[in-house]
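Peer 1: Below are the sequence and a predicted model; questions follow.
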Amino acid sequence: MIKSIKIGALAIAGAIALAACGGGSSNSALVVGTDLPLQGASADASTATNNAIALYLEKQGGKAGKYTVTIKQYDDSTAAKGAWDDAQCAKNAQDHVANAAEVAVMGTYNSGCAKIEVPVLNQDPTGPMLMVSHANTNPGLTVSWDPGEPEKYYPGGTRNYARVVPNDIYQGTADAQYTFQEAKKTKCAVLNDNQTYGQGIAKSFADEFAKQGGTVVVNEAWDAKQTSYTALFQKIKAAGADCVFFGGIYDNNGGTLVKDAVAVLGDNASFFKMAPDGFSGYPDLQGMPQAEGLHLSFAGKSLDGMVKGGGAAGQFVADYKTKYGVDPASSYSIYGASAMQVILKAIAASDGTRKGVTAALLGGSSPVCLTDAESITGVGFCIDPKTGDVDKKSVTIQTMTGGKETDLKVWDVQ
């Protein structure tokens with residue numbers, strides 16, 4: 001990751017000449033980029049996110065205050081990888097800076113990609129350029145986590161990144177507390193996909209599970225290129241585990257992982273398995289018989305909760321189905337609209353420049369807030385201008401029922 005960040009930061013020089021005359025430059029017509037993996041297992045969720053953002057902007061008349069706003073879609077995945085790609089993320093960061101009319105970015109979906117792009121946007125000569133994510137949950141983007149974090153993502157000294165979901169310190173903690181306290185499990189295997197997000201949430205889960213009084217009997221990475229995980233789950237079974245946590249994203253061969261876990265350890269009714277939001281919103285998983293009864297978590301209010309809660313959030317989901325003919329593929333698609341809502345609010349309060357848009361959200365001493373009535377998700381929140389994190393820390397615990405991610409309860413981290 002560090003190598004990719006350095007490459008992107010150096011390569012920004014090639015975009016300076018193109019960006020120098022723009023960065024919004026107080027124009028009345030502005031662009032917001034969306035930066036998502038449009039290929040591979042995340043394609044459905046990303047398409048739904050772009051659709052939700054387009055619908056929300058349409059409902060605003062394509063305006064943010066006095067500014068007209070349009071969307072430009074960027075793909076941070078490649079066909080060869082079938083998922084987000086380091087080199088593509090680095091290229092996208094340069095392209096965002098080079099697009100003179102673009103003033104902010106909605107994304108990314110994957111935390112590892114954000115860690116490549118944020119430092120480049122931070123050094124934008126007409127910025128820094130704002131990024132607001134609907135799905136990044138790795139703690140290090142905003143708070144102290146791994147060595148050098150989060151400072152190394154902001155070489156210009158000014159924050160330019162925010163998110164509308166709580167970070168994995170809270171999600172991993174909630175998952176561990178639920179597993180120990182509610183599911184009554186005491187010996188857990190903790191797996192990660194060896195990527196930024198997966199390592200972070202697995203660490204958070206393992207640390208909290210031990211604090212709760214549980215024992216982590218296996219703690220290791222799974223190799224996304226493996227064709228079978230039978231040996232891994234036999235090892236977990238031999239260690240006496242009564243639960244397993246999949247810390248990572250479904251894109252990294254999650255289907256095979258789930259199938260092999262069930263084959264060796266038993267179905268989800270007889271052996272407790274939990275996955276974080278990296279497994280949320282994937283139609284392939286939802287349609288898999290082995291996923292029935294799988295426990296999941298979502299960092300915020302889930303799609304199921306929005307629909308059942310009704311109100312403006314429920315109406316937005318209904319309007320989405322009316323417009324596109326299907327339900328949103330992922331809870332994160334609505335959070336994409338929420339991130340866009342924050343960006344539009346910042347644009348409306350700004351002078352129309354990249355620097356001004358960033359300052360409107362993160363440059364003040366008071367947080368920018370949305371009330372419950374304003375928020376497209378139905379849950380209000382405030383964004384801390386010092387960190388870019390939200391103040392709402394609730395996590396939704398779900399189970400897969402009949403191919404749908406169904407809420408069990410909202411877990412407030414203790």
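Peer 2: Looks like it arrived, so ask away.
Peer 1: Could you give the number of residues near Ile376?
Peer 2: Ile376 is surrounded by 25 other residues when neighbours are defined as other CB atoms under 10 Å. Any C-beta I mention is one placed from the backbone N, CA and C, and that applies to glycine too.
Peer 1: Which secondary structure element is home to the closest residue to Asp327 other than its chain neighbours?
Peer 2: With sequence-adjacent residues excluded and distances taken as CB to CB, 6 or more residues apart in numbering, Asp327 is closest to Lys321, at 5.5 Å. Using DSSP states H and E, Lys321 falls within helix 311-324.
Peer 1: Leaving out the residues flanking it, which one is nearest to Asn92?
Peer 2: Ranked by CB to CB, 6+ apart and with sequence neighbours excluded, the top spatial neighbour of Asn92 is Tyr74, at 4.9 Å.
Peer 1: Gly65 too?
Peer 2: Beyond its immediate neighbours in the sequence, the residue positioned closest to Gly65 (CB to CB, 6+ apart) is Ala348, lying 3.1 Å away.
Peer 1: Is the one you found in contact with Val69, as I believe?
Peer 2: No: contact status for Ala348 versus Val69: not in contact, 9.5 Å apart, counting by CB atoms under 8 Å.
Peer 1: ok now do Tyr229, which residues does it touch?
Peer 2: By CB atoms under 8 Å, 6 or more residues apart in numbering, the contact list for Tyr229 reads Trp222, Thr256, Leu257, Asp260, Ala261.
Peer 1: Counting neighbours, what do you get for the third one?
Peer 2: So the one you mean is Leu257. Applying the criterion other CB under 10 Å, we find 25 residues in the vicinity of Leu257.
Peer 1: again, but for the last one
Peer 2: Other residues near Ala261 number 25, with proximity taken as other CB under 10 Å.
Peer 1: before we move on, what about the fourth one?
Peer 2: By other CB under 10 Å, the residues close to Asp260 number 22.
Peer 1: separation between it and Gly247?
Peer 2: 16 Å (CB to CB, to the nearest Å).
Peer 1: With the first one instead?
Peer 2: Distance check for Trp222 against Gly247: by CB to CB, it reads 9 Å.
Peer 1: re earlier: between Ala348 and Val69, which one's more packed in?
Peer 2: Legend: neighbour count by other CB under 10 Å for Ala348 and Val69, higher for Val69 (22 against 17).
Peer 1: tell me the contacts of the more buried one?
Peer 2: Each residue near Val69 by CB under 8 Å, 6+ apart is listed here: Leu30, Val31, Val32, Leu57, Gly62, Lys63, Leu344, Ile347.
Peer 1: can you map out the helices along the stretch 201-350 of the chain?
Peer 2: With DSSP state H, counting those that start in this stretch applied, the stretch 201-350 of the chain shows helices at 230-238, 254-265, 283-286, 303-309, 311-324, 331-348, listed in chain order.
Peer 1: Relative to Leu36, tell me which of those helices wins on proximity.
Peer 2: Closest approach to Leu36 among the helices of the stretch 201-350 of the chain (CB to CB): helix 331-348, 8.1 Å.
Peer 1: The next helix-or-strand element following that closest one - contacts with which helices or strands?
Peer 2: Later in the chain than helix 331-348, the nearest helix or strand by DSSP H and E is helix 354-362. Judged by 3 or more CB pairs under 8 Å, 6 or more residues apart in numbering; DSSP states H and E, the packing partners of helix 354-362 are strand 102-107, strand 130-133, helix 331-348.
Peer 1: Run the angle between the helix or strand containing Ala48 and helix 311-324 for me.
Peer 2: In the assignment (DSSP H and E), Ala48 maps to helix 43-59. Between helix 43-59 and helix 311-324, the angle formed by their directions is 110 degrees, by axes from the mean of the first three to the mean of the last three CA atoms, to 10 degrees.
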